[in-house]
Each structure stands twice: as structure tokens, then as C-alpha cells.
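**Q** Build me a model from this:
(2 chains)
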Amino acid sequence: MRPKSRSSGKTTIKLPTPLYEKLSALIDGAGYNSVTDFVVYVLRDLVGQCAAGAKRPTEHEIDETRQRLRNLGYL
Amino acid sequence: MKRVVVLGIDGVPYTFLKQLVENKGLTNFARLAESAEFRQMDSVYPTVSSAAWTSFVTGKQPGKHGLYGFVEREPNGYGIRIPLSTWVRSRTIWEVLSDAGKRVFGMNVPVTYPPRDVNGILIGGFLCPAIDKVAASAEVRQYLSSIDYQIDSDPMLARESRDRMLPNVHLTLEKRMEAMFHFLEKEPWDYFHTHVMATDRLCHFLLGSYESGEAKYAEAFLDFFRKLDGYLGRLMDALPGDCALVVLSDHGFCPIKSEVQFSRFLVEKGWTALGAEVPQHPLDIDPARSRVYSLIPGRIYVNVRGREPEGIVPPEDYNQVREEVAADVLELRAPNGDKVIRRVFRREEVYWPEGASAPAPDIQVEELLRTDTAFGLAADLIAVPFDGYDLKMGLAQSEVFVKTELEGMHTYDDALILARGVELPAERFAIYNVTRHVLEAMGVRPLADMD
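**A** Predicted coordinates for the structure are as follows:
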């Protein structure tokens, strides 16, 4: 079930206040506009990692990419 | 509100294209230039496509998004790793537009692998190792496989011979364009962004031949641009009249006089010590005897105690070491006596985010050495060479100055943009200043910290 305020394309979730405060201190000066921005960033990263099809490279593939970068003169 | 199509033509210099537009060598670029603003713009430091395109898609200078090269330091060791899209510490234009309910498309833009979650389709750039990982949607992957889509041309062929390279860059362009027209027609979109990398590859391996007028390859070089011009014409004809069109490059190019093995230079000057007689990887240094080390191109890191895993420079000496190494680097001279380094920037001169807690000259060392920010991932010094001197790493090389198959190197101040339906800044601007104007043309508010 989804909480309200779908009209803005946003949904509210609740964090424990001590966690919110720790996050707030953690991101101080780190370039995020708010704790919300930071949490959305982290969760998007997580979703990206879990997304079907968006597979990570294998060790062999990383070696191949390095070779490509070497041939391009970027490594 | 407008829809926008963006075509990235990696590394195409403004001065080169302007000349061809004026000579009427490229009729469709000339046609677009008649109805568009055609401007020269700046890239980013260091001038590499990973940092520059990430600056375009985030609308921010690198100090805010944290991507500075095609290789980055490992966080807890003296090793290197290749950047992933998930390292970009900002929302991208595709995500900002997705949040606003717009439908987006992106194909082959550097550092978009693995594809992040958007309202639409993202197809990863050339650091993606295989078609079966290039997009989140199985249907998209199947389509790309079915047309023999090429993620990138093969630079190994270019190292072997230019004759072997040419058919391969043409094939890569043909397949990219085939996919572009397919998705342009079949998919719903508000923002449609396609990237052509082959222009960069061509300039890396053929620019010197073109500039020197070497008959066979100069003509082959122009042929490629004529083909691209044909695709641009087809694209312009396919777009509805109210659709904005932006064609841009991320840096310019100039011919290489010499490659410069910059890490080797730092070894010779005693700043960096090798970890083994024959280094086993590009950062195989001895941390106990290295005050600084370097990553390509011209990124210098101070081996600071407490910040680096085995740092030896006390934080109170940080600025002194930076001054001394910068002075040495500025004295680097080519065998013909040319000065090699035009300028050495301190990281805060180019990356300190506007609106951060202190203006650049007053930043305390503790603040400069923080590692938990996008800014903190930057090199401590950024050496910028004169045109013609291409900075490489070369820890294992025996010579500082070498010449290889590479003929062209990136330049900072000769990127280009052709914008029709998107207003550009009045004054001189850089690639990261364009993004907010694209969003505004689409009726979407830019992020507060976009440049």
C-alpha cells in the first residue's frame, strides 16, 4: 500500500529521528541539498544495483575494459 | 513544452567544424548552423570524456559529481578502478526529467553503465563490457543484438593499422545510427540523447594525418564526417518542427607532438618511488618513499598521512608539497626545449563548489583533505599541458617523451555546441552550463546546485 501525496509524484516515508540526525551530520558539506536527497541517492544506487539486466562486470570483463582503455591511451 | 533531441559528437573541435560549415563541406551541419546558435565552449579539467559528459548530464562541474577520469583511485589502496554510473554523486538529466514525469532515452553516453533507473531507456556507454549488460530491458538488449549493435569501435584495430580501423569505426557509426532512428520512431520520448564516440576515436588515430594533408587518410577522415553529416540531415528531417535539437562535443582535439609519461617524470624527480623494479600495474608505487603519485592525465595526488592508506606527508606539509611539486612540473621541458605544462591548478581552484562553506582562498587544510565528498575525490593538483603534449601515466616506461600510433589529443577550450530551440548563456560557458538551459526549454526546473 502506498501513502498519500501521489499527485506530486512523491511519497512520504518515515525515518527514526536519531537516524535522520545521524544522516544529517554525515552529509554535512557533502553537496546534498537535504537528507531526503541523500536517501534518494543511496536508494537509487541500490535499485540500480539490483535492477534486472543491469549486471555488473566480471573480473575478465574488467580486464578487457582495461585493455580497451590502454589501447585508447586512457590508461 | 518542448521535446529535446541531443546528439553528442565526442571530441569534435569547434574550429574544425566551423571551417567545414563555412566551406560548405558539410551541408547539413551548415543547414543546422543557419537556424541554430553555433558556439565554441569549454570542457572540464582534466579534459577527458568521462568527466566532461558526466558534467553535461549532471549540469555540474566535476567537484560536485565526483567523476574525474577513466580510472580512479581505489578507496583503500594504491590501485585503480574503472568508473561506474553508480559513482556519479548527482542526479542526471534523465533522472531529473523522470522525476518530472518525462519520458527519456539515452544511448552510449560515457559512464552510463550500469544503466541507472529512469522513466524510459538507458543504453550504457563504451565502458560496458557486453551487449547482454548494456540495458536493463531484455527487449532492448535483444533488439541491439539483432542488428549487431557495436558498443564501441575496437581500438586494438587502430593500434594495428589505420586501414583496419576505418571500416570498424564506420560500422560502429552505422549501427549507432540505425538504433537511433529505430528508437526515435518506436519509443515515446520527451528527451532523446544519442552519443557518437567514433568521432573521438577517429581524431585520436587520424587527426595528425588529416592536419598534415596525408592524401589517403585526410580524405578518409573527411569521408567519415560527410557520412555523419548525412545522418544529421536525416535526423533533422525526421524531427517535428517544435522539437529542439542540440548537437555538441565535449572537448576539442589537436595533433600530438609527443606523449609525456608523466609518472615516469615524477619518478625521475624523486617525487614518486616505484613499488617494484618493473611495475606490475599503473599505480605500483612504494608508498613509504612516495610523496606524490599521479593518475592520467596530469592528476597529482599527495600521499598524505591519515588520508592515504600508507600516507607519509604530514597534513601540515600538504600545501608546501603541492607548491614544490607544481614548481617542478612547470619546469618540465621537451627534448626540443618546449615547455610542456601550461598551468598547474590546485584542486580548490577548479572544483570547490560555489555556495560551499568557505571561499577557495580561505579553505583550511582539514577541509581540503576530507574524503567523504565529491570534491574530496579530486586530485590535489591538476597539470594542464600545452597543446601537443599528451599527458599519460607511464610508471613502467623508461622514457618520459614517446610517440605511438596516437595522433590526436584532447583540448579544453575548443568544444562546440549547435543549439536550436535551447537558449545558451550569453557569455563564454562550459559544457556543464548547458544542462539547465535544456531543462528550462522543457519546462522542468533545474536542480538548485546545477552550474
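**Q** who's in contact with residue 65?
**A** In the absence of a named chain, chain A is used. A:T65 makes contacts with A:57, B:82, B:127, B:129, as judged by C-beta atoms under 8 Å, 6 or more residues apart in numbering or on different chains. For every residue, glycine as well, the C-beta is placed using N, CA and C.
**Q** could you do chain B instead?
**A** B:54-55, B:58, B:88-90, B:374.
**Q** Now pLDDT too, for the contacts of A:T65, in a markdown table please.
**A** Converted to a markdown table, the contacts of A:T65 look like this (pLDDT from 0 to 100):
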| residue | pLDDT |
| --- | --- |
| A:P57 | 86 |
| B:I82 | 93 |
| B:L127 | 94 |
| B:P129 | 92 |
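**Q** Tell me the one of these nearest B:R333?
**A** B:I82 (32.8 Å; C-beta to C-beta).
**Q** how much space between that closest one and B:E72?
**A** 8 Å (C-beta to C-beta, to the nearest Å).
**Q** Low-confidence ranges, chain A, go.
**A** Residues of chain A that meet the criterion pLDDT under 70 lie in A:1-9, A:30-31, A:45-55.
**Q** Sketch out the helices for it, chain order is fine.
**A** A:17-26, A:35-50, A:59-71 (DSSP state H).
**Q** Leaving aside the residues adjacent along the chain, what's closest to B:T27?
**A** In this structure, B:T27 finds its nearest non-sequential neighbour in B:D229, 6.6 Å apart by C-beta to C-beta, 6 or more residues apart in numbering or on different chains.
**Q** Hmm, that neighbour is touching B:R31, no?
**A** No: the criterion here is C-beta atoms under 8 Å, and B:D229 misses it with B:R31 at 9.5 Å.
**Q** higher neighbour count, these two?
**A** B:D229 (21 against 15; other C-beta atoms under 10 Å in any protein chain shown).
**Q** Could you measure from the more buried one over to B:P315?
**A** B:D229 is 54 Å from B:P315, by C-beta to C-beta.
**Q** And for B:F401, the neighbour number?
**A** B:F401, neighbours per other C-beta under 10 Å, totals 20.
**Q** no no, B:R333
**A** For B:R333, using other C-beta under 10 Å, the count is 11.
**Q** for the one 5 residues further on, same thing?
**A** Look at B:D338: counted by other C-beta under 10 Å, it has 13 neighbours.
**Q** again with B:E331
**A** Around B:E331 there are 11 residues (other C-beta under 10 Å).
**Q** One more: B:R162?
**A** Around B:R162 there are 20 residues (other C-beta under 10 Å).
**Q** same question, B:H195
**A** For B:H195, using other C-beta under 10 Å, the count is 25.
**Q** How about the secondary structure of the residue nearest to B:T27?
**A** Secondary structure, DSSP: H, G, I helix; E, B strand; the rest coil: B:D229 is helix.
**Q** From B:T199, how far out is it?
**A** B:D229 is 12 Å from B:T199, by C-beta to C-beta.
**Q** B:V4 too?
**A** 21 Å.
**Q** Find the residue closest to the residue nearest the centre of chain B in space, skipping its chain neighbours.
**A** Geometric centre of chain B, nearest residue: B:S49, 1.0 Å, by C-alpha atoms, centre = their mean. Take B:S49 and drop its neighbours on the chain: the residue closest to it by C-beta to C-beta, 6+ apart is B:P110, 4.9 Å away.
**Q** number of nearby residues for the residue nearest to B:I80 when sequence neighbours are not counted?
**A** Of all residues not flanking B:I80 in the chain, B:V71 sits nearest, at 4.4 Å (C-beta to C-beta, 6+ apart). B:V71: 23 surrounding residues under other C-beta under 10 Å.
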